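In: Sequence and predicted structure, then a few things I'm wondering about:
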Amino acid sequence: MPIGPLSRRAPVRVQPFFGYRNASRLTLNARAIRSREPEFENRSFWRDFSTMVSQYLSHEVPGLPVELEYSYGDAPGVTHTAVTGPEGFARFDIDLPAPCIPPKRTRWEKATLRWGEGEQATAYILTPGSETQLGIISDIDDTILETGITGNFRKIARNWKRVMAQMPSQRVIVPGASAFYAAIGGNTAGAREPGRAIDALAPEARVRPVFYVSSSPWNLFSYLVTFKRERGLPLGPVMLRDWGFNRKTLGKEGHGSHKRDAIERILSMFPELKFALIGDDSQKDLSAFGSIVKAHPGRIAAVFIRSVADEPLSDEERRAKEVIEKADVPLWTGGDYSSAADFLEQTQLDFDGGVERLVRTASEGTPG
């Protein structure tokens, strides 16, 4: 969304989002906008408010050719050009030359984006390891990041400052999330591309790859990455949305369909992996996860739902819960993750081999 003549004087930059690949395909999105790199530092209320407004009111650059260059080991390099669309997005979905066999351990790899007259940026690509058996797909809002805006309009009005005037370091993390995600994601994989120097800006790979699916807009990508870095949460590809002021974007149905579609793409990309799904009960995550369990028998290892809504389950959510339980997929619900994290820490359980035992033990004493 353009923000006037001042934005047209800002430099054009291309923001790479985190990509991911398997042995034969690479997927990565980027966005061309007129803006400077955001700085999420705590200053005055009005300067912080201005920073957040600038994130939402972006000036997209359509029609810009963006070149992606990627190489891996001895395999031939890949160069592909995409032209940004009306909202500034460049989308890369590329066939990789053989052999691009994934490494044994999960790691982040690099690609280079080029545009304009010698401008470039580094993009990071998550590559699950061949020895990996389990991945994580997680929601963000009210699953790891407290919003305080679930429920009625009064809650939204009371907590609007969280969304519009707080920097990442000021935001509240969901209780127990840091320890729980550290445990469920596993230790750092310690793997990097051969022949590449250590990059201080590169995300740190966990043993189990983590993907995020959220209904937040793409404009908040850098904000959310900063929040997760500061809280020690695992980084991973984020499937966000291009917001519009319409029912599809703002309604709950839009939340569910976006998440289902994104999860479907991840499952299709990595058919050899099982996944644990993590969400909350404020945006029909239970319903979305239930439909995934039904459509992909044997692919979902566990479902975690954080309870935040002060409402009973709807008929649709009850049916989804029945589907999950009938499929014998362990289902955990609770107000925070402390019991699950404590259990992992005490037993040092191999999550790949003990999902059912983990979830059922963690669920003891929590509301169902």
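Out: Okay, I see it. Numbering: from 1, shown residues only.
In: could you show me where the helices are in the stretch 51-200 of the chain, in order?
Out: Using DSSP state H, counting those that start in this stretch, the helices found in the stretch 51-200 of the chain span residues 153-158, 160-164, 177-185.
In: Might you calculate how far the shortest one sits from the centre of the chain?
Out: For helix 160-164, the distance from its own C-alpha centre to the chain's C-alpha centre is 21 Å (C-alpha atoms, centre = their mean, to the nearest Å).
In: can you tell me which of the helices of the stretch 51-200 of the chain comes nearest to residue 18?
Out: Residue 18 sits nearest to helix 177-185 of all these, at 14.8 Å, using C-beta to C-beta. In short, each C-beta sits where N, CA and C put it, glycine included.
In: Can you show me the strands along the stretch 101-250 of the chain?
Out: Using DSSP state E, counting those that start in this stretch, the strands assigned to the stretch 101-250 of the chain run over residues 107-115, 119-127, 134-138, 210-217, 238-241.
In: Note down every partner strand of the shortest one and its orientation.
Out: Taking DSSP bridges as the criterion, strand 238-241 forms sheet pairs with strand 210-217 (parallel).
In: Show me which residues of the partner strand are buried.
Out: Going by neighbour count (16 or more other C-beta atoms under 10 Å), the buried part of strand 210-217 is 210-217.
In: Show me which of those residues is closest to residue 238.
Out: Relative to residue 238, the closest of the buried residues of strand 210-217 is residue 212; by C-beta to C-beta it sits at 4.4 Å.
In: Local confidence estimate at that closest one?
Out: We have a pLDDT of 98 for residue 212.
In: my read: it touches residue 139, true?
Out: Yes. Between residue 212 and residue 139 there is a contact under C-beta atoms under 8 Å: 7.4 Å.
In: burial count for the residue nearest to residue 285 when sequence neighbours are not counted?
Out: Leaving aside its sequence neighbours, residue 285 sits nearest to residue 279 (C-beta to C-beta, 6 or more residues apart in numbering; 3.0 Å). Using other C-beta atoms under 10 Å, residue 279 has 25 neighbouring residues.
In: same check, this time on the one 4 residues further on
Out: Here the number of neighbours of residue 283 (other C-beta under 10 Å) works out to 24.
In: Would you mind measuring from it to residue 220?
Out: 16 Å (C-beta to C-beta, to the nearest Å).
In: Lowest-scoring secondary structure element of the protein by mean pLDDT?
Out: Of all helical and strand segments in the chain, the minimum by mean pLDDT, DSSP states H and E falls on helix 247-250, at a mean of 46.
In: Can you name the element that comes right after it?
Out: Under the assignment DSSP states H and E, the closest C-terminal helix or strand after helix 247-250 is helix 252-269.
In: Any idea which residue is closest to the centre of the protein?
Out: By C-alpha atoms, centre = their mean, the chain has its centre lying nearest to residue 212, at 2.1 Å.
In: Contact partners for residue 277?
Out: By C-beta atoms under 8 Å, 6 or more residues apart in numbering, the residues touching residue 277 are 137-138, 263, 285, 289, 292, 300, 302-304.
In: Give me the subset of these lying in strands.
Out: In strands, defined here by DSSP state E, the members of the contacts of residue 277 are 137-138, 300, 302-304.
In: Name the nearest of the buried residues of strand 210-217 relative to residue 62.
Out: Using C-beta to C-beta, residue 217 comes nearest to residue 62 of the buried residues of strand 210-217, at 17.5 Å.
In: Any idea what that closest one is bridged to?
Out: Going by DSSP bridges, residue 217 forms beta bridges with residue 241.
In: In contact with it, which residues?
Out: So residue 217 contacts 56, 240-243 (C-beta under 8 Å, 6+ apart).
In: residue ranges with poor pLDDT in the stretch 201-350 of the chain?
Out: 243-256, 339-350 (pLDDT under 70).
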